[in-house]
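A.B. asks: Curious how this folds, go ahead:
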Amino acid sequence: MEIQAVKVRRLYLEVAGQIESQIKAGKIKPGGRLPSERDLAVKFDVSRPTIREAMIALEIAGLVEIRTGRGIYVVKQRSPQELEVRDEGPGPFEILEARRCVETETVALAAARITQKQLMDLELALREMENEGVGGSVTERADERFHCIIAEASQNSALTATVRWYWQLRNESEISTLFHKRVREEGVHPSVNEHRRIFNALKNRDPVAAKNAMRAHISRALERDWALLDDGAGTIVSVDEDD
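C.D. replies: Numbering: from 1, shown residues only. Below is the predicted model of the structure:
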């Protein structure tokens, strides 16, 4: 009996692969504009975040150009061997959505279990963000450290490993790395004020406030990143906020 390895089904790559095939076959010509995100979501029967991740993958492959507020256009093709949409793991929006689910509960545990040393380490990370000002490599590292310290403060090794894995995916996946690089180039940086609200809730050992602050923080990150890829088709972002 022959057995093939079971692969994780990544919807955004399936979408990107179909569009890639049409571009390579010449069915969508260079300079042509792709249908709106809304129309593509309906045609493929997937969520709009899935469509956006597919567009990021296609842009990385050099097949399309995302013009914020104007649409997505097919670019002049390079040699065929250079055009390939690769499996780079979960997309950036998938990672953020997963983080919102996990980290909101993780921070609630941390509020009841965090140590004084961990609070001091969080304060140090916040100061590094504030001192750098606009936001750069120091802020990026401090942002990651801030969230990982909170995960450790939950005193749950499974949650700690999960949160660290999300950051590893973000840092090592080409699609996530290049997407976040573009986000920073557009002037979008981690919000110090949002991190400060999370810290204050932890300092006050208030699980509810900590959970609400974390959820609002990651939801706003999703909203800001989402706006960066607006295709001009009247995108509406729904963000749940409890604070």
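A.B. asks: Please count neighbours and contacts with C-alpha atoms only from this point.
C.D. replies: OK.
A.B. asks: who's in contact with the lowest-mean-pLDDT helix or strand in the chain?
C.D. replies: The least trusted helix or strand in the chain, going by mean pLDDT, DSSP states H and E, turns out to be helix 174-185, with a mean of 78. Contacts of helix 174-185 from elsewhere in the structure, counted by Cα atoms under 8 Å, 6 or more residues apart in numbering, are 56-57, 60, 88, 91-92, 169-171, 189, 225, 228.
A.B. asks: What average pLDDT does the helix or strand following it get?
C.D. replies: For helix 174-185, the following helix or strand on the C-terminal side (DSSP states H and E) is helix 192-203. When pLDDT is averaged along helix 192-203, the result is 96.
A.B. asks: quick one: buried residues of the least confident helix or strand of the chain?
C.D. replies: Residues of helix 174-185 classed as buried under the neighbour-count rule (16 or more other Cα atoms under 10 Å) are 174-176, 178-180, 183-184.
A.B. asks: Repeat that for stretch 113-121.
C.D. replies: Neighbour counts using 16+ other Cα under 10 Å place 113-114, 118-119, 121 of stretch 113-121 among the buried residues.
A.B. asks: So of the buried residues of helix 174-185, which two are at opposite extremes in space?
C.D. replies: E174 and R184 (15.4 Å; Cα to Cα).
A.B. asks: just the buried members of the contacts of helix 174-185?
C.D. replies: Buried positions within the contacts of helix 174-185, assessed by neighbour count (16+ other Cα under 10 Å), are 56-57, 60, 91-92, 169-170, 189, 225, 228.
A.B. asks: can you put these in CSV and add secondary structure and pLDDT?
C.D. replies: Written out in CSV, the entries for these read as follows (DSSP: H, G, I helix; E, B strand; the rest coil; pLDDT from 0 to 100):
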residue, secondary structure, pLDDT
I56, helix, 85
A57, helix, 85
I60, helix, 80
G91, coil, 85
P92, helix, 87
L169, helix, 88
R170, helix, 86
H189, coil, 75
D225, helix, 77
L228, helix, 67
